[in-house]
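Trainee: give me the fold of what follows.
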Amino acid sequence: MENLPFVSVIVPIFNDADRLKLCLAALQTQSYPQSHYEIIVVDNGSDDDQNIGAVVAEFKQAIFTQELLTGSYAARNKGISLAKGEVIAFTDADCIPDCDWLKLGVARLTAVPNCGQVVGKVNLFFANPKFPTPVELYESVTAFPQESLLQKFHGGATANVFTWRCVIDKVGNFNSRLKSNGDMEWGKRVFLAGFEQVYAPEVQVRHPARQTFAELRKRTIRLAGGVFDFHIKPEDSFIQRQKMFARLLLDDLTPPINFVVSTFRNPELKRWTYKLKISSIIFYVRYISAWEKTRLKLGGTSNR
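Mentor: The predicted structure follows:
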């Protein structure tokens, strides 16, 4: 036990006290020795911050702090600044880590030489598995493709990521200017610095699928804003910004033929009605994404 590294688990939160309680309960009962980890909950300007603080106070492993600069990456950076661990683990307030999450994440991180990042699996679940909503079905095939993200973009969603503190010291913190895709941007820096990155399917957390179109719209707007901020940089020339915006808009407005085909070929989707619902929602998502990027191009501000 003496050889186990101390772990700091960082959990950003915004207005989600009920699900935070489930997350902290799962983190409090990890198989990893309690003497070897801490949980840092960073409130990012919630309306019910006092209630969130009260929830955190129920768990002896957890400490509560605040970051008023808007954005989950700013909140994670605040957690990093307070962390005592040589291992830093990230999850979200609406996630429920498996009981061996810390144990298996640390084991994979220490087993891989020069490892800079371990990306774990995120399992989505439905509110009512017998009657999933169209949005839940869409989420089940699109949300948190961790292995694919790591292969294509050298990053993984911070709902389930492990790294060393020394890696963060070398490549830097998250880009707090970004409202989404900051995990991909950070992961790319880890890759370019020469560190190994691994996907660990045994390191698992559960995450509720979004149920409603309002929730999906909010997520799509946030992701579109993150893509816009990531690619449209103020320091680029006027011509560069125009070309990049045109490219982003074209990506959204191009008919999603490949997505529809892969959806209908998906062997895990047993019903044709499910496939039709998922295929129709992608058009809605693309429209919202294109509209949000256009709004930002015309001078609008990014949403959290």
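Trainee: what comes up buried for the lengthiest helix in the chain?
Mentor: Longest helix in the chain by number of residues (criterion: DSSP state H): helix 272-297. When neighbours are counted by 16 or more other Cβ atoms under 10 Å, the buried residues of helix 272-297 are found to be 274-275, 277-279, 281-282, 284-286, 288-290, 292-296. (C-beta placed from N, C-alpha, C; glycine too.)
Trainee: and what of stretch 244-258?
Mentor: Buried residues in stretch 244-258 (16+ other Cβ under 10 Å): 245, 248, 252, 256.
Trainee: could I get those as CSV with pLDDT, distance to residue 197 and secondary structure?
Mentor: Putting the buried residues of stretch 244-258 into CSV (pLDDT from 0 to 100; distance: Cβ to Cβ, whole Å; DSSP: H, G, I helix; E, B strand; the rest coil) gives the following:
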residue, pLDDT, distance to residue 197, secondary structure
245, 94, 30, helix
248, 94, 26, helix
252, 94, 28, helix
256, 91, 28, coil
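Trainee: thinking again about what came up before, helices or strands up against the longest helix of the chain?
Mentor: If you count contacts as 3 or more Cβ pairs under 8 Å, 6 or more residues apart in numbering; DSSP states H and E, helix 272-297 packs onto helix 134-142, helix 213-231, helix 238-253, helix 257-265.
Trainee: what about residue 19, helix or strand, and which?
Mentor: helix 17-28 (DSSP states H and E).
Trainee: whatever helix or strand comes next after that helix to helix 17-28, inter-axis angle?
Mentor: Downstream of helix 17-28, the next assigned helix or strand under DSSP H and E is strand 37-43. With axes from the mean of the first three to the mean of the last three Cα atoms, to 10 degrees applied, the angle from strand 37-43 to helix 17-28 works out at 170 degrees.
Trainee: need the next SSE after strand 37-43, C-terminal direction.
Mentor: helix 49-57.
Trainee: what's in contact with that next one?
Mentor: Helix 49-57 is contacted by residues 13, 17, 20-21, 24, 41, 43, 46, 62-64, 66 when judged by Cβ atoms under 8 Å, 6 or more residues apart in numbering.
Trainee: follow-up on the earlier one: quick check, nearest of the buried residues of stretch 244-258 to residue 8?
Mentor: Checking these against residue 8 with Cβ to Cβ, the nearest one is residue 248 at 35.7 Å.
Trainee: that closest one against residue 229, yeah?
Mentor: No: the pair residue 248 / residue 229 is not scored as a contact, 11.2 Å apart, by Cβ atoms under 8 Å.
Trainee: tell me where the model's unsure across the stretch 1-150 of the chain.
Mentor: Applying pLDDT under 70 to the stretch 1-150 of the chain picks out residues 1-2.
Trainee: contact partners for residue 282?
Mentor: Residues near residue 282 by Cβ under 8 Å, 6+ apart: 138, 256, 259-260.
Trainee: if we use 6 Å, what do you get?
Mentor: Counting by Cβ atoms under 6 Å, 6 or more residues apart in numbering, residue 282 touches 256, 259.
Trainee: any idea how far it lies from residue 216?
Mentor: According to Cβ to Cβ, to the nearest Å, residue 282 stands 11 Å off from residue 216.
Trainee: what do those two both touch?
Mentor: Both residue 282 and residue 216 lack any common contact, where contact means Cβ under 6 Å, 6+ apart.
Trainee: thinking again about what came up before, buried ones in the helix holding residue 19, by neighbour count?
Mentor: Neighbour counts over helix 17-28 (16+ other Cβ under 10 Å) mark 17, 19-24, 26-27 as buried.
Trainee: other SSEs contacting that helix?
Mentor: Applying 3 or more Cβ pairs under 6 Å, 6 or more residues apart in numbering; DSSP states H and E, one finds that helix 17-28 contacts helix 49-57, strand 96-97.
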